[in-house]
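> A predicted structure for the sequence below; I have some questions about it.
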Amino acid sequence: MNYQLAPLMLLNLPSSPPSPLLMLAPMEGLTNGGIRQLILDIGGVDTVATEFIRITSPNQRIKPIHRHDTGLLQIQFMASEPETLARLIRMLRKRGVITSRDWIDINVGCPSRKVNAHGAGAALLKEPDKLSRMVCETRAAHPDGRLSMKTRIGYDSSSDFSMLLKTFSQLPLDLLTIHARTKKGSYDPEALQLRPLHQAATTLPYPVVGNGDIFSVEEAIRMLDTGVAGVMCGRGVMVNPFLFRDLREFLNSGELSIQEDERVSLLYAFALDYLSYLKEQETKTKTGSKVGAFKEFSTWFSRNSLIGRKFFDAIKRLSSLADIETSVHSYFSELTLKKPGKTQGFRCVIHSTSA
């Protein structure tokens, strides 16, 4: 399979960028500045994304955006009214908060009932005219910057996906990411449908990126074989932070170089680095306890077969990052004793304490 590559001028990638595009998905409560930087430091990924920014007012204040020295950053917005989002983007550009160099992504895929009840996220799939206005008015407010959308293959059913493709084909987008489930399918593994990805990739006039249930290199390859320009991975990267590195290495060489004993050490280092970031956030930003942030990350991290669910059990009742750090040291000390040939891990470097 010859993988499609997004136009270089379009995405402003290096002259010889890696192919296909590998993208970190926006995830509420997870893709903060620290996680994004750690994933960038590990390597293999081309773009990372902020948590979605819910917009309810054109005058809304947003938190400072942590930008990165490497990789491209998608700033994802979610709104229910086209005019509200467009006016906010204009205001942010006027103030210099967002510039022509920034990549804006519109969330048209969130399956949350609460979000959909307000007409945002995947609810826009039921109103294609409104969806079109959302994209067109955002493009008018951000005419010289990158604009993409993240969506699903339908609301209740994928039977109307061909009609959605007609709407999508008219949108002034630079890239479209499609989660290969309907809104109704939510995150049900049995609801994943890859055929619509092939339809979109061979129909739309801009690059299409596939998303949904990529927890392994094999699952990523399976999605790439639909003809999409790349894959966007979310929860799978929280389970295995080295997924992009593994995937890029496998695409380039057909092999994986990190052995199991070394991988345990690297996972240990990753957990400690994320704790360091959160502790720094608590101290410098005065935004309250970050214990919940580490626990939310750990619900996925503990699903890594090399770590185990007992990792989350060990920290779930702890109330301070200091206690969690002690528990992490203890847990991995016991874990590595069971692994022969333990190797020294590396520490990733976080460059900023912004959100």
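Happy to help now that I have it. Numbering: from 1, shown residues only.

> can you pull out the helices in this protein?
Using DSSP state H, the helices of the chain run over residues 8-11, 33-42, 82-94, 113-117, 128-141, 161-169, 195-201, 217-224, 235-239, 243-253, 260-285, 291-301, 310-315, 321-337.

> Give me the helices and strands touching the third one, please.
In terms of contact count using 3 or more Cβ pairs under 8 Å, 6 or more residues apart in numbering; DSSP states H and E, helix 82-94 is assigned the packing partners strand 53-55, strand 72-79, helix 128-141. In short, each C-beta sits where N, CA and C put it, glycine included.

> Return the alpha-carbon coordinates of that helix using CSV.
In CSV, the C-alpha atoms belonging to helix 82-94 read as follows (Å, rounded to 0.1, in the frame of the first residue of the first chain):
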residue,chain,number,x,y,z
PRO,A,82,-21.2,29.2,14.1
GLU,A,83,-21.3,33.0,14.7
THR,A,84,-20.2,32.5,18.3
LEU,A,85,-17.1,30.6,17.3
ALA,A,86,-16.2,32.9,14.4
ARG,A,87,-16.5,36.0,16.5
LEU,A,88,-14.3,34.5,19.2
ILE,A,89,-11.6,33.5,16.7
ARG,A,90,-11.6,37.0,15.3
MET,A,91,-11.3,38.5,18.8
LEU,A,92,-8.4,36.1,19.7
ARG,A,93,-6.6,36.9,16.4
LYS,A,94,-7.1,40.7,17.1
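
> So residue 232 is in contact with residue 176, correct?
No - if you go by Cβ atoms under 8 Å, residue 232 and residue 176 don't touch, sitting 10.8 Å apart.

> Overlap in contacts, the two.
150, 209 (Cβ atoms under 8 Å, 6 or more residues apart in numbering).

> Looking at these two now, which is surrounded by more residues?
residue 232 (25 against 22; other Cβ atoms under 10 Å).

> Against residue 56, how distant is that one?
Per Cβ to Cβ, to the nearest Å, residue 232 is found 26 Å from residue 56.

> what residue ranges in the stretch 1-150 of the chain score low on pLDDT?
Scanning the stretch 1-150 of the chain for pLDDT under 70 picks out the ranges 1-18.

> Could you do the stretch 151-300 of the chain as well?
Along the stretch 151-300 of the chain, no part satisfies pLDDT under 70.

> Spell out which residues make up each domain of this protein.
Domain assignment for the chain by automatic domain parsing gives 13-253, 260-337.

> among those domains, which is the most enclosed?
Comparing the domains of the chain by mean neighbour count (mean count of other Cβ atoms under 10 Å), domain 13-253 comes out on top with a mean of 19.

> gap between that one and the chain center?
Distance of domain 13-253 from the chain centroid (Cα atoms, centre = their mean, to the nearest Å) equals 8 Å.

> Now render the helices of the chain as TSV, adding distance to residue 103.
As requested, those are arranged in TSV below (distance: least, Cβ to Cβ, whole Å):
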stretch	distance to residue 103
helix 8-11	8
helix 33-42	13
helix 82-94	12
helix 113-117	22
helix 128-141	12
helix 161-169	18
helix 195-201	20
helix 217-224	22
helix 235-239	19
helix 243-253	18
helix 260-285	23
helix 291-301	24
helix 310-315	33
helix 321-337	32
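
> and residue 186, which of these is closest to it?
Nearest to residue 186, of all the helices of the chain, is helix 113-117, at 9.8 Å by Cβ to Cβ.

> who touches the closest one?
Contacts to helix 113-117, defined as Cβ under 8 Å, 6+ apart, come from residues 54, 78, 110, 121, 122, 123, 183.

> Name the nearest residue to the first one, ignoring sequence neighbours.
Distances taken as Cβ to Cβ, 6 or more residues apart in numbering put residue 78 closest to residue 54, at 5.1 Å, once the chain neighbours are dropped.
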